[in-house]
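Peer 1: I would like the atomic coordinates for the input below:
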Amino acid sequence: MSAVPTFANNDRDAGVVEEICGYLTEEPPRSYFLFAGAGSGKTRTLVEVLRRMTGVVEHEKGERLARSLRMYGRSIRVVTYTKNAVAVINGRLGDNDLVEVSTIHAFCWELISGFNEDIRTALIAIKETQLEKETAEARAKPRGITAAKQRDLNELKEVIEAFRGTDVFIYHPDRETYGPGALAHKHVLDATAWLLRNRSTLRTILKDRHPIVLIDESQDTMKGMLDALMGLAEPRRSGLTLGLLGDHRQRIYTDGHSDLPSLVPPSWATPELQMNHRSQCRIVTLINRIWEAEIEGRTQPGNGVEQHSRTEKAGGAVRIYVGDTKLSSEDKVICERWCADQMREASGAAAWSQGEYQMLALEHKLVATRGSFLDAFGAMVLLDPNAAAPSGSGENKGPAAVQVLFNELAQLEACVSPDGTVDEFKTTEIFRRYGRLDDMPEDTAARISRTDEMLQAIEVFAAACADPISTVGEVLEPVLSAKLFEVDPRLSAAYADTSLPPPAPGRGEEESKQDRMRRGWCALFASPWIQLQKYRTYLAGNSVLATHQVVKGSEFLHVMVVMDDKLAGGNQISYDKIFGGVQLSKTDRENVEKGKETTIDRTLRLLYVTCSRAQESLTLVLWSSDPTEALVRIKNSGWFVDGEFEAIPEIAN
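Peer 2: Coordinates of the predicted model:
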């Protein structure tokens, strides 16, 4: 292939589309990994490639490929992260029968749906492997298999037996499914990856349908699924060509590979997008410095393309303000408003004084505390830590067992006015929508009795909703006693259980899943109902303070990143370790010696993600356990220049 021409300034990425078209139309086609940083125009590049490869835009080799695809009834498959991303790509691409765009979950289910025996075999094999591994690990510990661990192992055995007894599996990529054979999202990805590795028939089906598969946000794609597809694409004449698009610097989920570029086979092409079309120069310079930082405790290589801003975006304002984390949440909110006022002066943007900026955090617990729904959030984490927080993919709708709280009861509550009055017309529509009027008794007297029972329960429900001190348990009571809606059996069983919650495990102690969930149920029923309303807003991605998962792929004119280890709720990230307020832990040092991912790696990566959302101006607010040391570290970091960092004065408190 001829050398790719060199471009400069705003056009330095101008040759990448044609470069990728060349890889896909070579004989045989060549798989590739496109490094596409923040704001680099990745979606535009993808769409332009697809338009050329399917004959929409005049392209000799692309038109030849399009004829071949059409002749054999095949198509190019594009797998992306969210339903929104699917809509964006389809909207830009227009009607195109040679391209199918979907989420990874829809793609996987399309491949395995209906192959019930194979799905059963895969799920049993996966769980048996997990059981063997966890049993061996537990036996190797000084205490051996504890009672709590044995309960978890027994639960795994029960799951395996349940799979053995399942004839038909059901699933929907865009919502939770219930009942016998219902699969969770993770089950579908795990089963598909296993079957692609172990069933030649499925491999043949995939290659025959989609000889080219392009995966967007590949850094966050589940390791097992990505490994299976990468294995199928090798060797080069295997019949499957894979195109990976992404930026390992923006990985925010542990499902993805920590350093995807290092896993790309040497035979693959590695095109790059060097531009950042989103942000002003000062912001681009900062995110470059963050990623290049040589900080003690970092194991992840600082590889990746240094980005360039557009020539006309030569400005931008960046500031970092440091305060004492010992302040109360209320005082911190006041100080953050002071920081916003300072940013108005620094940037000249009135949006800062008008509240027209996006606040971002890396900790869900911080959002829950500031949003006054910490009790409800904590309960949800105990019930299902994987579904308790919102995600950029839109998958997380909250724990499956409590969906009635987010759907039926949320809609019923909307029929209640602030004074407790119920809109009967809207209420009837909700009951009809959920099929609750279909099984009303035919006998007139029984029908009247059932109607009265429902109306009385609705009145009690309405009064509880209107009472600001009602708990979730008190709002649920009339719903469950009158069976207003069909609820998950786990919810009704937990509500009927009057036992006290088990104590929280001590430091270093194991806790069975059963005990953890019992604590979660008790905490949920005791949570203020008003917190659940706020939790629903947060889960939908509509809270004032958003997390990095929710804004994945988004951009905002002005951004404030709030950093507070005190409210992190865990040890996965730590700003104080980045900025010098806290030393590395023993675990961090052990991970460094083993070359494993550390707290430093995770914090740097997520800081990069949040900062790269800003277009015009960016402020970071650091709540440190040692503000003086943090300011010294900031000054010496090279990330900021004089005048860009400042202590939050006491007067702001």
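Peer 1: List the contacts of the longest helix along the chain.
Peer 2: Scanning the chain for the helix with the most residues, using DSSP state H, yields helix 116-140. Defining contact as CB atoms under 8 Å, 6 or more residues apart in numbering, one finds that helix 116-140 is touched by 112, 144-146, 149, 152-153, 156-157, 159-160, 163-164, 166-169, 183, 187, 190-191, 194-195, 198-199, 202. No exception for glycine: its C-beta is placed from N, CA and C like everyone else's.
Peer 1: for that helix, which positions count as buried?
Peer 2: 118-127, 131, 138 (16 or more other CB atoms under 10 Å).
Peer 1: Using JSON lines, lay out the residues you listed together with pLDDT and distance to Ile295.
Peer 2: Output for the buried residues of helix 116-140, formatted as JSON lines (pLDDT from 0 to 100; distance: CB to CB, whole Å):
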{"residue": "Asp118", "pLDDT": "97", "distance to Ile295": "47"}
{"residue": "Ile119", "pLDDT": "97", "distance to Ile295": "45"}
{"residue": "Arg120", "pLDDT": "97", "distance to Ile295": "48"}
{"residue": "Thr121", "pLDDT": "97", "distance to Ile295": "46"}
{"residue": "Ala122", "pLDDT": "97", "distance to Ile295": "42"}
{"residue": "Leu123", "pLDDT": "96", "distance to Ile295": "42"}
{"residue": "Ile124", "pLDDT": "97", "distance to Ile295": "45"}
{"residue": "Ala125", "pLDDT": "97", "distance to Ile295": "42"}
{"residue": "Ile126", "pLDDT": "96", "distance to Ile295": "37"}
{"residue": "Lys127", "pLDDT": "96", "distance to Ile295": "40"}
{"residue": "Leu131", "pLDDT": "94", "distance to Ile295": "39"}
{"residue": "Ala138", "pLDDT": "88", "distance to Ile295": "35"}
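Peer 1: Let me know the closest of those to Pro301.
Peer 2: Distance to Pro301 across these (CB to CB) is lowest for Ile126, with 31.3 Å.
Peer 1: Can you give me the domain assignment for the chain?
Peer 2: 9-105+195-276, 115-168, 281-371+543-652, 376-382+393-539 (automatic domain parsing).
Peer 1: could the ones you listed go into JSON lines alongside distance to Gly179?
Peer 2: Formatted as JSON lines, the domains of the chain follow (distance: least, CB to CB, whole Å):
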{"stretch": "domain 9-105+195-276", "distance to Gly179": "19"}
{"stretch": "domain 115-168", "distance to Gly179": "10"}
{"stretch": "domain 281-371+543-652", "distance to Gly179": "29"}
{"stretch": "domain 376-382+393-539", "distance to Gly179": "10"}
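Peer 1: And the nearest residue to Ile469 once chain neighbours are set aside, its phi and psi?
Peer 2: Counting by CB to CB, 6 or more residues apart in numbering, Ile469 lies nearest to Pro528, which is 6.9 Å off, once chain neighbours are set aside. With angles defined as degrees, to the nearest 10, Pro528 sits at phi -60, psi 130.
Peer 1: Was I right to think Pro528 contacts Gly473?
Peer 2: No. Proximity of Pro528 to Gly473 does not meet the contact threshold set by CB atoms under 8 Å, at 10.5 Å.
Peer 1: From the contact counts, what lies against the host helix or strand of Ile458?
Peer 2: Here Ile458, judged by DSSP states H and E, is contained in helix 444-466. Using 3 or more CB pairs under 8 Å, 6 or more residues apart in numbering; DSSP states H and E as the contact test, the elements touching helix 444-466 are helix 408-413, helix 472-481.
Peer 1: Looking at those helices, which is nearest to Leu263?
Peer 2: The closest of those to Leu263 is helix 408-413. By CB to CB, the value is 42.8 Å.
Peer 1: how about the next helix or strand after the closest one: buried residues?
Peer 2: Once the chain leaves helix 408-413, the next helix or strand it forms, by DSSP H and E, is helix 424-433. Neighbour counts using 16+ other CB under 10 Å place 427, 430-431 of helix 424-433 among the buried residues.
Peer 1: And the contacts of helix 424-433?
Peer 2: Helix 424-433 is contacted from outside by 408, 411-412, 414-415, 437, 454, 458, 484, using CB under 8 Å, 6+ apart.
Peer 1: Tell me which two in those are the farthest apart.
Peer 2: Ala414 and Leu437 (18.6 Å).
Peer 1: Report the mean per-residue pLDDT for stretch 379-393.
Peer 2: Across stretch 379-393, the average pLDDT comes to 79.
Peer 1: For that stretch, output the C-alpha coordinates as PDB.
Peer 2: In PDB, the C-alpha atoms belonging to stretch 379-393 read as follows (Å, rounded to 0.1, in the frame of the first residue of the first chain):
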ATOM      1  CA  ALA A 379     -29.000  -0.100  50.000                       C
ATOM      2  CA  MET A 380     -29.000  -0.600  46.300                       C
ATOM      3  CA  VAL A 381     -25.200  -1.200  46.300                       C
ATOM      4  CA  LEU A 382     -25.700  -4.000  48.800                       C
ATOM      5  CA  LEU A 383     -28.500  -5.500  46.700                       C
ATOM      6  CA  ASP A 384     -26.600  -5.400  43.500                       C
ATOM      7  CA  PRO A 385     -23.300  -3.500  43.300                       C
ATOM      8  CA  ASN A 386     -23.200  -4.000  39.500                       C
ATOM      9  CA  ALA A 387     -26.600  -2.400  38.800                       C
ATOM     10  CA  ALA A 388     -26.800   0.300  41.500                       C
ATOM     11  CA  ALA A 389     -25.200   3.100  39.500                       C
ATOM     12  CA  PRO A 390     -26.000   4.600  36.100                       C
ATOM     13  CA  SER A 391     -23.800   3.800  33.200                       C
ATOM     14  CA  GLY A 392     -23.100   5.500  29.900                       C
ATOM     15  CA  SER A 393     -24.400   2.400  28.100                       C
END
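Peer 1: Would you point out the helix or strand in the protein whose mean pLDDT is lowest?
Peer 2: Ranking every helix and strand in the chain by mean pLDDT, DSSP states H and E puts strand 545-547 at the bottom, with a mean of 66.
Peer 1: Next secondary structure element downstream of that one?
Peer 2: The helix or strand immediately downstream of strand 545-547 is strand 556-564, counting by DSSP H and E.
Peer 1: What is the subsequent helix or strand relative to that following strand?
Peer 2: By DSSP H and E, the next helix or strand past strand 556-564 is helix 575-579.
Peer 1: can you list contacts of that next one?
Peer 2: When contacts are defined by CB under 8 Å, 6+ apart, helix 575-579 is touched by residues 295, 297, 322, 563-565, 581-584, 588, 599-600, 603-604, 607, 622, 624-626, 630, 633-634.
Peer 1: And the helices in the stretch 151-300 of the chain?
Peer 2: Assignment of helices within the stretch 151-300 of the chain using DSSP state H, counting those that start in this stretch yields the ranges 185-198, 200-209, 223-232, 281-292.
Peer 1: Show me which positions of the third one end up buried.
Peer 2: When neighbours are counted by 16+ other CB under 10 Å, the buried residues of helix 223-232 are found to be 223-230, 232.
Peer 1: sorry, back to before: from the contacts of helix 424-433, which is closest to Ala349?
Peer 2: Relative to Ala349, the closest of those is Ala414; by CB to CB it sits at 36.5 Å.
Peer 1: how near is that closest one to Pro211?
Peer 2: Distance, Ala414 to Pro211, using CB to CB, to the nearest Å: 49 Å.
Peer 1: for Ile448, same thing?
Peer 2: Taken as CB to CB, the span from Ile448 to Pro211 is 65 Å.
Peer 1: neighbour count winner among those two?
Peer 2: Between Ile448 and Pro211, Pro211 has the larger neighbour count (other CB atoms under 10 Å), namely 21 against 11.
Peer 1: residue contacts, that one?
Peer 2: Applying CB under 8 Å, 6+ apart to Pro211 gives the contacts 29, 69, 74, 239-241.
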